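J.: From the sequence below, what's the structure:
(chains A, B, C and D)
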There are 2 protein chains.
Amino acid sequence: MCYAFTMLSRIEKLCAEKGLKMTEQRRTISRVLSEATDHPDVEEVYQRANKIDHRISIATVYRTMRLLEDASVIDRHDFGDGRARYEESREDHHHLIDLNSGEVLEFISHEAQKLMEKIAAQHGYELVSQRFEIYGVKKGSKTPPSRRR
Amino acid sequence: MCYAFTMLSRIEKLCAEKGLKMTEQRRTISRVLSEATDHPDVEEVYQRANKIDHRISIATVYRTMRLLEDASVIDRHDFGDGRARYEESREDHHHLIDLNSGEVLEFISHEAQKLMEKIAAQHGYELVSQRFEIYGVKKGSKTPPSRRR
DNA sequence: GTAGATGCAAAGTGTTTGCGGGCGG
DNA sequence: CCGCCCGCAAACACTTTGCATCTAC
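T.: Predicted coordinates for the structure are as follows:
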């Protein structure tokens, strides 16, 4: 239940580190993000934040998302639909995108992690980030439709 | 040496299949694409095509890229810089993106391929496409800089 | 009190599209 | 010659930004 506490400590840590102000808008957006279990886009975050506090503009959402992303508090993803999707940062998980429903499933694969590091090393590179995404349709379903914005 | 032949046969096959016209513009764009060894974006393809035949507009490049992509003649990628990058379709290779130079290295990994199929299957999905990308910096180099458009 | 945050609307970017004219089959 | 294709410019979707105002510290 200590969502609020958990979330605040994380954000406050960020603000302390970077000397940022903890405004009402940032608090609201942070709350929305820490309560989300999906991968909302900016518009969606904006809608949810607006329900809580309608004095919030989409420009602020964009600015705050970038802020939190730069601080590594959230991760930005691009699942191929032309806009950014976000989630609180966590380690070691990847995504399986259902091309029919747009639903995003998460999975963990240590194998993948090790494989990436190995390949990076083989090429003389240091792994900074990676993308390991699977796009598929439920077994037995028909149309492997055309994605796209 | 038979670049033109190889390329034409591919495109002509596509045109035959889909009943499309082989216009001068499409021929030029196809030639540019089959000669490329990198992963040009639309602007770059446009520049190269324009050098060969300046009666070509960027709108046509966009339309042709989509056409070829839909026909699975080329693959579209998104390496996180906000625009689409293309290459002739080939199987089983993935990308390592140098975050400092933007350079894209290719590598093959059967392990990755098998891993993806396994994971998709485990979740009851049929693998349609995947993304296996490594973003890194050369070992020993400093700034793991900020990407972004 | 002041640096930094916000809201608003305008500007940017990459991409798509409606339309009249042009060209390949 | 007919229908698909092209160039042009306007429209789009998402994101960023300049400026005046407001607010957390």
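
J.: only C-alpha atoms for contact and neighbour calcs from this point on.
T.: Will do.

J.: The strand ranked longest in chain A close to chain B?
T.: Criterion DSSP state E: the longest strand present in chain A is strand A:125-138. Yes. Under the criterion of C-alpha under 8 Å from any C-alpha of the partner chain, strand A:125-138 makes contact with chain B via A:125-138.

J.: residues touching residue A:40, list them.
T.: Contact analysis of residue A:40 by C-alpha atoms under 8 Å, 6 or more residues apart in numbering or on different chains lists A:85, A:86, A:87.

J.: Next one: residue A:90 from chain B, what distance?
T.: Counting by C-alpha to the nearest C-alpha, to the nearest Å, the gap from residue A:90 to chain B is 18 Å.

J.: Who are the packing partners of the longest strand of chain A?
T.: Packing partners of strand A:125-138 (3 or more C-alpha pairs under 8 Å, 6 or more residues apart in numbering or on different chains; DSSP states H and E): strand A:93-98, helix A:110-122, helix B:110-122, strand B:125-138.

J.: Residue B:91: which of the contacts of residue A:40 is nearest?
T.: Within those, the smallest distance to residue B:91 is 28.1 Å, found for residue A:85 (C-alpha to C-alpha).

J.: these two touch, right, that closest one and residue A:42?
T.: Yes. Counting by C-alpha atoms under 8 Å, residue A:42 is a contact partner of residue A:85 at 7.1 Å.

J.: re the thing from before, sheet partners, orientation included, of the longest strand of chain A?
T.: Based on DSSP bridges, the pairing partners of strand A:125-138 within the sheet are strand A:93-98 (parallel), strand B:125-138 (antiparallel).

J.: Kindly format the C-alpha coordinates of that strand as CSV.
T.: Extracted C-alpha coordinates of strand A:125-138, given in CSV (Å, rounded to 0.1, in the frame of the first residue of the first chain):
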residue,chain,number,x,y,z
TYR,A,125,31.6,-2.6,-27.2
GLU,A,126,30.3,-1.8,-23.8
LEU,A,127,26.5,-2.5,-23.6
VAL,A,128,24.6,0.7,-22.7
SER,A,129,21.1,-0.4,-23.4
GLN,A,130,19.3,-2.9,-25.5
ARG,A,131,16.1,-3.9,-27.1
PHE,A,132,14.8,-7.3,-27.1
GLU,A,133,11.2,-7.3,-28.4
ILE,A,134,9.0,-9.9,-29.8
TYR,A,135,6.1,-9.0,-32.1
GLY,A,136,3.6,-11.8,-32.5
VAL,A,137,0.0,-13.0,-32.7
LYS,A,138,-1.7,-15.6,-30.6
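
J.: Could you tell me the angle between that strand and helix A:110-122?
T.: Comparing the axes of strand A:125-138 and helix A:110-122 via axes from the mean of the first three to the mean of the last three C-alpha atoms, to 10 degrees yields an angle of 140 degrees.

J.: Off-centre distance for strand A:125-138?
T.: 14 Å (C-alpha atoms, centre = their mean, to the nearest Å).

J.: Can you classify the residue of chain A found nearest DNA strand C as helix, strand or coil?
T.: Here chain A gets closest to DNA strand C at one residue, residue A:56, 3.0 Å apart by C-alpha to the nearest atom of the strand. Here residue A:56 is coil, with the state taken from DSSP: H, G, I helix; E, B strand; the rest coil.

J.: sorry, back to before: among the residues of strand A:125-138 next to chain B, name the buried ones.
T.: Buried subset of these (neighbour count, 16 or more other C-alpha atoms under 10 Å in any protein chain shown): A:125, A:126, A:127, A:130, A:131, A:132, A:133, A:134, A:135, A:136, A:137, A:138.

J.: could you dump these to a markdown table with distance to residue A:96?
T.: Shown next, in a markdown table, are these (distance: C-alpha to C-alpha, whole Å):
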| residue | distance to residue A:96 |
| --- | --- |
| A:125 | 26 |
| A:126 | 25 |
| A:127 | 22 |
| A:130 | 15 |
| A:131 | 11 |
| A:132 | 9 |
| A:133 | 6 |
| A:134 | 5 |
| A:135 | 6 |
| A:136 | 7 |
| A:137 | 10 |
| A:138 | 11 |
